[in-house]
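>>> Below are the sequence and a predicted model; questions follow.
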Amino acid sequence: MERLKTRADFLRAARGVRRVEAAVTLETCATPASIARPEVLRVGFTASKKIGNAVARNRAKRRLRAAASQLLPLLGRGGHDYVLVARGTTVARPFPALLSDITTALKAAHRELDAKAGEGHD
């Protein structure tokens, strides 16, 4: 896993597939062909000021990083970018429920990506 660092990468993911769950919003898209490596997925994390003060935002991002480190190696797809956006309930949500939210979002996003890929080849 590599980290998304530039604003352009985050904006590209925001234009891709978006899935909203109770504690997290997942945005994903294919990594640009010029930098894509099929075995590497890239991930970024964000928490807006709506989440709360800096302490709350940092805690939300730490929780998202911990969940992503557990789930993305198993469920993520190489050659894709993922952005996990904290929601208001991210900090207070029990960790197993947060893992469940991210798993559900990933599976739904992959189904949508597969459907879009199927449409393009018809």
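Great, that's in hand.
>>> in the longest helix seen in the chain, what's buried?
In the chain, with assignment by DSSP state H, the single longest helix is helix 95-120. Buried residues in helix 95-120, defined by neighbour count with 16 or more other CB atoms under 10 Å: 98-103, 105-106, 109-110, 113. Any C-beta I mention is one placed from the backbone N, CA and C, and that applies to glycine too.
>>> So which other helices or strands are in contact with whichever strand or helix holds Ala56?
If you go by DSSP states H and E, Ala56 is part of helix 54-75. Using 3 or more CB pairs under 8 Å, 6 or more residues apart in numbering; DSSP states H and E, the elements in contact with helix 54-75 are strand 42-46, strand 80-86, helix 95-120.
>>> among those, which is nearest Arg15?
Nearest of these to Arg15, taken as CB to CB: strand 80-86 at 10.9 Å.
>>> got the angle between that closest one and strand 42-46?
Interaxial angle, strand 80-86 versus strand 42-46 (axes from the mean of the first three to the mean of the last three CA atoms, to 10 degrees): 20 degrees.
>>> Parallel or antiparallel, list what pairs with strand 80-86.
Strand 80-86 has these partner strands in its sheet, going by DSSP bridges: strand 24-30 (antiparallel), strand 42-46 (parallel).
>>> Just the CA coordinates for it, please, in PDB.
Extracted as PDB, the C-alpha positions of strand 80-86 are listed here (Å, rounded to 0.1, in the frame of the first residue of the first chain):
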ATOM      1  CA  HIS A  80      -6.800   1.400  -7.500                       C
ATOM      2  CA  ASP A  81      -6.800   4.500  -5.300                       C
ATOM      3  CA  TYR A  82      -8.900   4.600  -2.200                       C
ATOM      4  CA  VAL A  83      -9.800   7.600   0.000                       C
ATOM      5  CA  LEU A  84     -11.500   7.100   3.300                       C
ATOM      6  CA  VAL A  85     -13.300  10.100   4.500                       C
ATOM      7  CA  ALA A  86     -14.200  10.400   8.200                       C
END
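>>> Lovely, talk soon.
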